[in-house]
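[1] let me see the structure of the following:
(2 chains)
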There are 2 protein chains.
Amino acid sequence: MQLFSLRPPEEVSIDDIAAAAGASRPLVYHYFPGKQALYEESLRRAGQELAGRFEEPAAGPLSERLYRVMGRYLDYVDSHGPGFAARLRGGSVAASPGTNAVIDQVRRAAHDQILLHLAVAEPSAGLRLTVRAWIANAEITSLEWLADRAVPREDLQLRLVQEFIASLTLTAAREPALAVELAGYFAEERPDGPTGRLVRELAGLFGVPGLADTVARLAAPPSA
Amino acid sequence: MQLFSLRPPEEVSIDDIAAAAGASRPLVYHYFPGKQALYEESLRRAGQELAGRFEEPAAGPLSERLYRVMGRYLDYVDSHGPGFAARLRGGSVAASPGTNAVIDQVRRAAHDQILLHLAVAEPSAGLRLTVRAWIANAEITSLEWLADRAVPREDLQLRLVQEFIASLTLTAAREPALAVELAGYFAEERPDGPTGRLVRELAGLFGVPGLADTVARLAAPPSA
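    Below is the predicted model of the structure:
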């Protein structure tokens, strides 16, 4: 698992694995038919570990729960860099229906955990899509970040949470039932949490010359 | 290209290709060393076609330009369904460094086109990340949509554009130089365009009991 987490699978040989495990090449083959099977098993376990990090008690403001989850997710990304990247991109020559099934399971675990925290009785197609799209956003954003670490990790963590809150708000703006739930989530938020900071950052935009007037013009119903 | 666009590559044989082209199996092998090379060439051409759809004159409100581009993108997704999905997921057994390079080129073309329309002299790392994350969002959202078409296509098109505008606004809230540009983009927006509709949808949220008060509380600076 350590070898696969540090290098893309095509750069790991059975000999490397045998050496790292202090085992002979035949012994490795005794347990696994080949490197692909070994890789898929290591990926399955890594997936379980990653999915475990999404679990978070359903207590406290929503954005703070998600912020903690993202902290654990980014710890994982941080410590499993290149292997993690190869895995998610599916760009590895070891990509297969087996590896894709594991990745899909991790995505589903993330999706289900988020819906659990939203505690919506019957999530709409729109809400499910919002959650899935945000998970894709978190994946691609963390991969891009791994490549150059151009922004501090804490900024990334906060930014991803705020993007989820924004995306959820957009969805709620179209779905009255979700809008009522949103009011409930927001009621628990604290001024110094990710949502509070987002609200103040957005409020700050009204200080930009012309922007408040433009928004007021757009907010008026279009004339016939 | 038609065969690969309708079925995942593992379900297309050289015999199918020869039959569809009205050619013999040896003739196909005369031009291509094997199915993988043929698949990569078809993908390269499909990528060029898709990238071509991102081109849009730099005139009119930003959200309307993007809405037109998304219309052409969704036309493509719509008519290249299963093959398109297999391609982007990288879940096909035909995924390779060659196919991934093509997909990356299409993503880069989308990224560069968007930055062209934003006309920012020196895009920040944060803005680039916003654009890339939104492209990933558009990919995953269109794939999910292909699977069940749970929302009307026009909703998806509008939603993706509005999510870009929202994401751009969040980024501008952290970057004063981009906030000034944002005011310029918004000044050109029309009430019945995607941005105008977004502003009114969000304004509608203030009618949800409790939400306006909560936002006002969060907008106040946290007390010491």
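[2] which ones are touching A:Tyr39?
    By Cβ atoms under 8 Å, 6 or more residues apart in numbering or on different chains, the residues touching A:Tyr39 are A:4, A:9, A:12, A:94, A:99. C-beta: built from backbone N, CA, C; applies to glycine.
[3] list the helices and strands the strand or helix carrying the first one packs on?
    Read it as A:Phe4. For A:Phe4, the host element (DSSP states H and E) is helix A:2-6. Judged by 3 or more Cβ pairs under 8 Å, 6 or more residues apart in numbering or on different chains; DSSP states H and E, helix A:2-6 is in contact with helix A:14-21, helix A:35-53, helix A:81-89.
[4] and the angle for the longest one with helix A:14-21?
    Following axes from the mean of the first three to the mean of the last three Cα atoms, to 10 degrees, one obtains 50 degrees for the angle between helix A:35-53 and helix A:14-21.
[5] tell me the buried residues in whichever helix or strand comes after helix A:35-53?
    Note on helix A:35-53: by DSSP H and E, the next helix or strand toward the C-terminus is helix A:62-79. Neighbour counts over helix A:62-79 (16 or more other Cβ atoms under 10 Å in any protein chain shown) mark A:62-67, A:69-70, A:73-74, A:76-77 as buried.
[6] same list, those, but as TSV with distance to A:Ala119 and pLDDT please.
    As requested, these are exported to TSV (distance: Cβ to Cβ, whole Å; pLDDT from 0 to 100):
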residue	distance to A:Ala119	pLDDT
A:Leu62	10	98
A:Ser63	15	98
A:Glu64	16	98
A:Arg65	11	98
A:Leu66	14	97
A:Tyr67	18	98
A:Val69	15	96
A:Met70	19	96
A:Tyr73	21	92
A:Leu74	25	92
A:Tyr76	25	87
A:Val77	27	85
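[7] and which of those is nearest B:Gln157?
    For the buried residues of helix A:62-79, the minimum distance to B:Gln157 (Cβ to Cβ) is 28.0 Å, reached by A:Leu66.
[8] for the residue lying closest to that closest one once chain neighbours are set aside, give me its contacts.
    Distance criterion Cβ to Cβ, 6 or more residues apart in numbering or on different chains; nearest residue to A:Leu66, sequence neighbours excluded, is A:Val161 at 4.9 Å. The contact partners of A:Val161, taken as Cβ under 8 Å, 6+ apart, are A:63, A:66-67, A:70, A:194.
[9] now stretch A:143-161 - C-alpha only, PDB.
    Extracted as PDB, the C-alpha positions of stretch A:143-161 are listed here (Å, rounded to 0.1, in the frame of the first residue of the first chain):
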ATOM      1  CA  LEU A 143      -5.300  17.100  -7.700                       C
ATOM      2  CA  GLU A 144      -4.500  20.600  -9.200                       C
ATOM      3  CA  TRP A 145      -3.400  21.700  -5.800                       C
ATOM      4  CA  LEU A 146      -1.100  18.600  -5.400                       C
ATOM      5  CA  ALA A 147       0.600  19.600  -8.700                       C
ATOM      6  CA  ASP A 148       1.900  23.000  -7.600                       C
ATOM      7  CA  ARG A 149       0.400  23.800  -4.100                       C
ATOM      8  CA  ALA A 150      -0.100  27.300  -5.400                       C
ATOM      9  CA  VAL A 151      -2.500  28.200  -2.600                       C
ATOM     10  CA  PRO A 152      -2.100  27.400   1.100                       C
ATOM     11  CA  ARG A 153      -3.800  24.200   2.300                       C
ATOM     12  CA  GLU A 154      -6.100  26.000   4.700                       C
ATOM     13  CA  ASP A 155      -7.300  28.300   1.900                       C
ATOM     14  CA  LEU A 156      -8.100  25.200  -0.200                       C
ATOM     15  CA  GLN A 157     -10.000  23.600   2.700                       C
ATOM     16  CA  LEU A 158     -12.000  26.700   3.400                       C
ATOM     17  CA  ARG A 159     -12.600  27.400  -0.300                       C
ATOM     18  CA  LEU A 160     -14.000  23.900  -1.000                       C
ATOM     19  CA  VAL A 161     -16.400  24.200   2.000                       C
END
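[10] in that stretch, what counts as buried?
    For stretch A:143-161, burial by neighbour count (16+ other Cβ under 10 Å) applies to A:143-146, A:151, A:156-161.
[11] now the residue sitting nearest the centre point of chain A: how far from chain B?
    Central residue of chain A (Cα atoms, centre = their mean): A:Ala138, 3.8 Å from the mean position. Distance check for A:Ala138 against chain B: by Cβ to the nearest Cβ, to the nearest Å, it reads 9 Å.
[12] tell me the angle the helix or strand that contains the residue nearest to A:Leu66 makes with helix B:153-172.
    Applying DSSP H and E as the criterion places A:Val161 in helix A:153-174. Angle, helix A:153-174 to helix B:153-172, by the same axes, to 10 degrees: 140 degrees.
[13] so how far is helix A:153-174 from its chain's centroid?
    Centre-to-centre, helix A:153-174 and its host chain are 12 Å apart (Cα atoms, centre = their mean, to the nearest Å).
[14] which residues sit against whichever helix or strand comes after that helix?
    Where DSSP H and E defines the elements, the next helix or strand beyond helix A:153-174 is helix A:176-188. Helix A:176-188 is contacted from outside by A:60-62, A:118-120, A:124, A:127, A:168-169, A:171-173, A:195, B:205, B:208-211, B:214-215, B:218, using Cβ under 8 Å, 6+ apart.
[15] rerun at 10 Å
    A:59-64, A:117-124, A:126-127, A:130, A:165, A:168-169, A:171-173, A:175, A:195-196, A:199, B:204-205, B:207-215, B:217-218 (Cβ atoms under 10 Å, 6 or more residues apart in numbering or on different chains).
[16] quick one: buried ones out of these?
    Here, 16+ other Cβ under 10 Å leaves A:61-64, A:117-118, A:123-124, A:126-127, A:130, A:165, A:168-169, A:171-173, A:175, A:195-196, A:199, B:205, B:208, B:211, B:214-215, B:218 buried among the contacts of helix A:176-188.
[17] looking at chain A, which helix or strand is least sure?
    When each helix and strand of chain A is scored by mean pLDDT, DSSP states H and E, helix A:81-89 comes last, with a mean of 65.
[18] show the contacting residues for A:Phe32.
    Counting by Cβ under 10 Å, 6+ apart, A:Phe32 has contacts A:14, A:17, A:38-42.
[19] check the gap between it and chain B for me.
    Taking Cβ to the nearest Cβ, one finds A:Phe32 at 20 Å from chain B.
[20] pLDDT score for that residue?
    According to the prediction, A:Phe32 has pLDDT 90.
[21] what's the longest helix seen in chain A packed up against?
    Criterion DSSP state H: the longest helix present in chain A is helix A:125-148. Secondary-structure packing of helix A:125-148 (3 or more Cβ pairs under 10 Å, 6 or more residues apart in numbering or on different chains; DSSP states H and E): helix A:62-79, helix A:81-89, helix A:97-118, helix A:153-174, helix A:176-188, helix B:125-148, helix B:153-172.
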